[in-house]
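**Q** need the 3D shape of this:
(one chain, ligands or ions: 1)
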Amino acid sequence: DQKARTADLDAETLWRQDRDHFIHPFTDFSQFHDKGCEMITDSDGIYVEDVHGNRFIDGIAGLWCVNVGHGRREIAQAMADQASRMAYFSTFNNLSNAPASQLAAKLAELAPAHLNHVFYTCGGSTANDATIRLVHYYFNRLGKPNKKRILSRRNAYHGTTYLAASLTGIESNNWSFDTLSELVTHLSEANLYRRPEGMSESEYCDHLVNELEAHIAKIGADNIAAFIAEPIMGAGGVLMAPRGYHKRIQAVCRANDILYIADEVVTGFGRLGHFFASEAVFETQPDIINIAKGLSSGYSPLGASLISDELYAVLGTPQCKGGVLSTGFTYSGHPVSCAAALKNIEIMEREDICANVREVGPYLEQSLKSLSHHTTVGDVRGSNFMMCLENVADKATGELLPVEARVGDRVAEEAQKRGLIIRPVGHLNVISPTLIWSRETVDTAVTILDEALSATTASLKRDGFI
Ligand code: PLP
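**A** The predicted structure follows:
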């Protein structure tokens, strides 16, 4: 059946159409024009398949998003039913649709108690972007128009609209691009693995909190609107904060009338074993939580900002006679995407997917840690289904291999040859599976990674890098 489905696609034609016409996001053009792309055409459960019929375990859940796994006919059916009944109608000007309303109520039920209002977007970048506009609007309405600056962190990833890219702190992401640098101040990232030498975890936490307080003193709380953070930094390298960090940061923000925005685009919807990690894992009560990806398990584009009662009390009243909350997108509350999300949540609840993550996640952590003996593995970190290997030249000092060694690519290529897709991010390898992995799948994946790391060490030796 699978073979029959791929056979009708002409691999060579597809490869050429793609290479000649599709400008891919985040693509290295030094190789693209020769190599083009690998075409992934089919999927089922924990697997994806390429156009040639090769099957791989998907170790990255698409792009940290296919949380309930691939090929869920129920979601496809819910989308088809909604598209047949009514594919689209406006949600502007007092119009709505059933799935958007039902999903908003469901999200309010799942979210921390004070987050009862949903602003729909098309994905994660637009959720972060919309949020900043709403936060500025909120303070303007409160008569605090100087509260504009957003505090973000180096190595944060918040997306690539102009505003979301400005919040992003991964320097290389913005090479040759412009950002709104006057709007955003980047603090240090919280990175336990590369914390200053000789600092204990709690001293490191103090250090980061002190840094925030120093910035607030310098900029002035009257000029700062919000702090935005991923509970665990994802694209920046699955960076783990010291224990208690988020809670203490939020307390400082509260004390200074600075809103706390949690970007849970990756950590939300089960990846850490809960629908939302902010309260359940990190003991914070954000003013806004932004979600996307796992919200629809990637079956249809969708993002959302969950807004507190306190903010809604202002956003939900007109700014002047005839004034409207004039922000939003044609596709805010898209019925087909919302139908996909509703079915996705139904599946997550019915199969208790969060419980699977809480059960298998620690096993994945522990199994990946068993790879630490490899010559190039400097750190194995993360939590539950959000994991990362940091490859280094020297385990004692954490010194990196030269960029030309392409160590992340090598490990990923060796793993893929053996049937597992993981993601290279510079010298790192991210493992962020579908949330339906069993212990047996973990064993298979870790055996493949073990072999891939041995093969990588051998090839790095052969090429004179170690
Ligand atoms: N925020 C975080 C934490 C992300 O990881 C991402 C995407 O990876 C985004 C925002 C941007 O989301 P999108 O690509 O859906 O715009």
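**Q** contacts, neighbours, all on C-alpha from now
**A** OK.
**Q** which residues of the stretch 251-400 of the chain fall in helices?
**A** 277-280, 309-315, 335-350, 353-369 (DSSP state H, counting those that start in this stretch).
**Q** format the ones you listed as JSON lines; extra columns: distance to Met233, mean pLDDT and mean neighbour count.
**A** JSON lines is the format used below for the helices of the stretch 251-400 of the chain (distance: least, CA to CA, whole Å; pLDDT from 0 to 100; neighbours: other CA atoms under 10 Å):
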{"stretch": "helix 277-280", "distance to Met233": "13", "mean pLDDT": "98", "mean neighbour count": "19"}
{"stretch": "helix 309-315", "distance to Met233": "26", "mean pLDDT": "98", "mean neighbour count": "15"}
{"stretch": "helix 335-350", "distance to Met233": "24", "mean pLDDT": "99", "mean neighbour count": "23"}
{"stretch": "helix 353-369", "distance to Met233": "17", "mean pLDDT": "98", "mean neighbour count": "20"}
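**Q** out of the ones you listed, which comes closest to Thr179?
**A** helix 309-315 (27.1 Å; CA to CA).
**Q** mind listing residues that contact the closest one?
**A** Residues from elsewhere that reach helix 309-315 (CA atoms under 8 Å, 6 or more residues apart in numbering): His114, Leu115, Asn116, His117, Leu134, Tyr138, Arg141, Asp287, Leu325.
**Q** distance to the ligand for the helices of the stretch 251-400 of the chain - can I get that in JSON lines?
**A** Listed next are those as JSON lines, based on distance: least, CA to the nearest ligand atom, whole Å:
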{"stretch": "helix 277-280", "distance to the ligand": "13"}
{"stretch": "helix 309-315", "distance to the ligand": "21"}
{"stretch": "helix 335-350", "distance to the ligand": "13"}
{"stretch": "helix 353-369", "distance to the ligand": "19"}
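**Q** what residues does this protein have near the ligand?
**A** By CA under 6 Å from any ligand atom, the residues of the chain that approach the ligand are Gly123, Gly124, Ser125, Tyr157, His158, Gly159, Glu230, Gly234, Ala235, Asp263, Val265, Val266.
**Q** try 8 Å
**A** 63-64, 122-128, 156-161, 164, 230, 233-235, 263-267, 290-293, 301-303 (CA under 8 Å from any ligand atom).
**Q** who does whichever strand or helix holds Ile448 touch, helix- and strand-wise?
**A** Element membership of Ile448, judged by DSSP states H and E, is helix 439-462. Helix 439-462 is packed against helix 353-369, helix 407-417, with contacts defined by 3 or more CA pairs under 8 Å, 6 or more residues apart in numbering; DSSP states H and E.
**Q** now the longest one against helix 335-350, angle please.
**A** Comparing the axes of helix 353-369 and helix 335-350 via axes from the mean of the first three to the mean of the last three CA atoms, to 10 degrees yields an angle of 80 degrees.
**Q** between helix 439-462 and helix 353-369, find me the angle.
**A** 30 degrees.
**Q** off-centre distance for helix 353-369?
**A** Its chain's C-alpha centre and that of helix 353-369 lie 18 Å apart, by CA atoms, centre = their mean, to the nearest Å.
**Q** who touches that helix?
**A** With contact meaning CA under 8 Å, 6+ apart, helix 353-369 is reached by 68, 270-275, 348, 380-385, 387, 435-439, 442-443, 446.
**Q** are any of those residues buried, and which?
**A** 68, 270-275, 348, 380-385, 387, 435-439, 442, 446 (16 or more other CA atoms under 10 Å).
**Q** the residues you listed in strands, which ones?
**A** Val380, Arg381, Gly382, Ser383, Met387 (DSSP state E).
**Q** quick one: low-confidence ranges for the stretch 151-300 of the chain?
**A** Within the stretch 151-300 of the chain, no stretch falls below the threshold (pLDDT under 70).
**Q** sorry, back to before: in a markdown table: the ones in strands among the buried ones among the contacts of helix 353-369, plus pLDDT and distance to Ala415.
**A** Formatted as a markdown table, those follow (pLDDT from 0 to 100; distance: CA to CA, whole Å):
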| residue | pLDDT | distance to Ala415 |
| --- | --- | --- |
| Val380 | 98 | 17 |
| Arg381 | 98 | 19 |
| Gly382 | 98 | 19 |
| Ser383 | 98 | 21 |
| Met387 | 98 | 16 |
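**Q** related to what we said a few turns ago, out of the helices of the stretch 251-400 of the chain, flag the one nearest Glu49.
**A** Of all these, helix 335-350 comes closest under CA to CA, at 22.2 Å.
**Q** elements contacting that closest one?
**A** helix 73-86, helix 98-110.
**Q** between it and helix 73-86, how many degrees?
**A** Going by the same axes, to 10 degrees, helix 335-350 makes 150 degrees with helix 73-86.
**Q** what sits up against helix 335-350?
**A** Contacts for helix 335-350 (CA under 8 Å, 6+ apart): 68, 74-76, 78-80, 82-83, 86-89, 97-100, 102-103, 295-297, 299-302, 354.
**Q** rerun that using 7 Å as the cut-off
**A** Residues outside helix 335-350 that contact it (CA atoms under 7 Å, 6 or more residues apart in numbering) are 68, 75, 78-79, 82-83, 87-88, 97, 99-100, 103, 295-297, 299-302.
**Q** for stretch 284-291, same thing?
**A** Under CA under 7 Å, 6+ apart, the answer for stretch 284-291 is 124, 127-128, 246-247, 250, 259-265, 268, 278-279, 303-308.
**Q** between the two ends of that stretch, what distance do you get?
**A** End-to-end distance of stretch 284-291 (CA to CA, to the nearest Å): 16 Å.
**Q** could you list the domains of this structure?
**A** 2-68+353-462, 74-350 (automatic domain parsing).
**Q** in three-state terms, label Phe56 for me.
**A** When classified by DSSP: H, G, I helix; E, B strand; the rest coil, Phe56 comes out as strand.
**Q** tell me the pLDDT at the spatially closest residue to it that is not a sequence neighbour?
**A** Counting by CA to CA, 6 or more residues apart in numbering, Phe56 lies nearest to Gly419, which is 4.5 Å off, once chain neighbours are set aside. You'll see Gly419 listed with a pLDDT of 98.
**Q** OK, contacts around Gly419?
**A** Gly419 makes contacts with Arg55, Phe56, Ile57, as judged by CA under 7 Å, 6+ apart.
**Q** ok so, going back, could you pick out the buried ones from the contacts of helix 335-350?
**A** Buried, going by 16+ other CA under 10 Å: 68, 75, 78-79, 82, 88, 97, 99-100, 103, 295-297, 299-302, out of the contacts of helix 335-350.
**Q** on that earlier part again, now, the most widely separated pair of the ones in strands among the buried ones among the contacts of helix 353-369?
**A** Val380 and Ser383 (10.1 Å).
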